[in-house]
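[1] no FASTA, just this:
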């Protein structure tokens, strides 16, 4: 069974800092890996999706990398802003279906 | 992009009552829908997978008689929490798969059972 772990569980940084969120997964036979943002009591906003054949994806200040062999993905946020405060989830999709295995998330607080 | 509408966004009910949550794909046909729940400070966990016109497949530990899933059309799936109890209080969210590789999430439902 796929296990997805995210470190750290919580992070507080001052505005303007660059930061890295980590995600690891136990089964490297994934179809893709996706990073989401979740605001309190809200649904999920997809940030970046990396196919298993890709090494990284970028969108604005966000960059996500994928290393299947080591079972790791990182989400890099450049020049953090208070509006980035949210919980960030990573989810691995297995090769046999469309269901996602989620980590517990990293709760990010960016202070002004 | 494709939109999945989930209602209600928040519901408070008394213990013993049943609650229905709807998930609609607005501009595409959802061949498969997934229902997840998330307890506080926990990860989203898959509850069940439903294909249009067939019975849902439940994950281990999820009571199918308690969490009734109906996927009667290609645009609508419902999750009914029967005889809800305080331990069922959770965040429930659906996702829908289109005929391609797309996977889209609803906005979630926060259920509080008193």
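    Thanks, I have the structure now. Small disclaimer: the values here were computed from a predicted structure and weren't measured.
[2] in chain A, what residue lies closest to chain B?
    With C-beta to the nearest C-beta, the shortest gap between chain A and chain B falls at residue A:43, namely 3.6 Å. C-beta coordinates here come from the backbone N, C-alpha and C atoms, glycine included.
[3] ok, now which ones touch the closest residue to that residue other than its chain neighbours?
    Excluding the flanking residues, the one nearest residue A:43 by C-beta to C-beta, 6 or more residues apart in numbering or on different chains is residue B:107, at 3.6 Å. Residues near residue B:107 by C-beta atoms under 8 Å, 6 or more residues apart in numbering or on different chains: A:42, A:43, B:4, B:5, B:6, B:9, B:93.
[4] count the neighbours of residue A:57 for me.
    Number of residues near residue A:57 (other C-beta atoms under 10 Å in any protein chain shown) recorded here: 19.
[5] which phi and psi values does it adopt?
    phi -140, psi 150 (degrees, to the nearest 10).
[6] on the three-state scheme, residue 2 is what?
    In the absence of a named chain, chain A is used. Three-state call for residue A:2 (DSSP: H, G, I helix; E, B strand; the rest coil): coil.
[7] which residues touch it?
    Residue A:2 touches A:25, A:26, A:27, A:30, A:92, A:94, A:101, counting by C-beta under 8 Å, 6+ apart.
[8] could you find the closest non-adjacent residue to it?
    Among residues not flanking residue A:2 along the chain, residue A:101 sits closest, at 4.2 Å (C-beta to C-beta, 6+ apart).
[9] low-confidence ranges, the chain, go.
    Here I'm looking at chain A. Counting by pLDDT under 70, chain A has low-confidence residues at A:96.
[10] could you do chain B instead?
    Scanning chain B for pLDDT under 70 picks out the ranges B:1.
[11] all the helices of it, residue numbers only.
    Assigned by DSSP state H, chain B shows no helices.
[12] how about the residues of it by chain A?
    Contact residues, chain B versus chain A (C-beta under 8 Å from any C-beta of the partner chain): B:6, B:10, B:32, B:34, B:36, B:41-46, B:49, B:91, B:93, B:95, B:97, B:103, B:105-108, B:110.
[13] now chain B against chain A: closest residue?
    Closest residue of chain B to chain A, C-beta to the nearest C-beta: residue B:107 (3.6 Å).
[14] let me see the contact set for residue A:79.
    Residues near residue A:79 by C-beta under 8 Å, 6+ apart: A:16, A:17, A:18, A:61.
[15] please repeat the previous calculation with a cut-off of 7 Å.
    Neighbour list for residue A:79: A:16, A:18, A:61 [criterion: C-beta atoms under 7 Å, 6 or more residues apart in numbering or on different chains].
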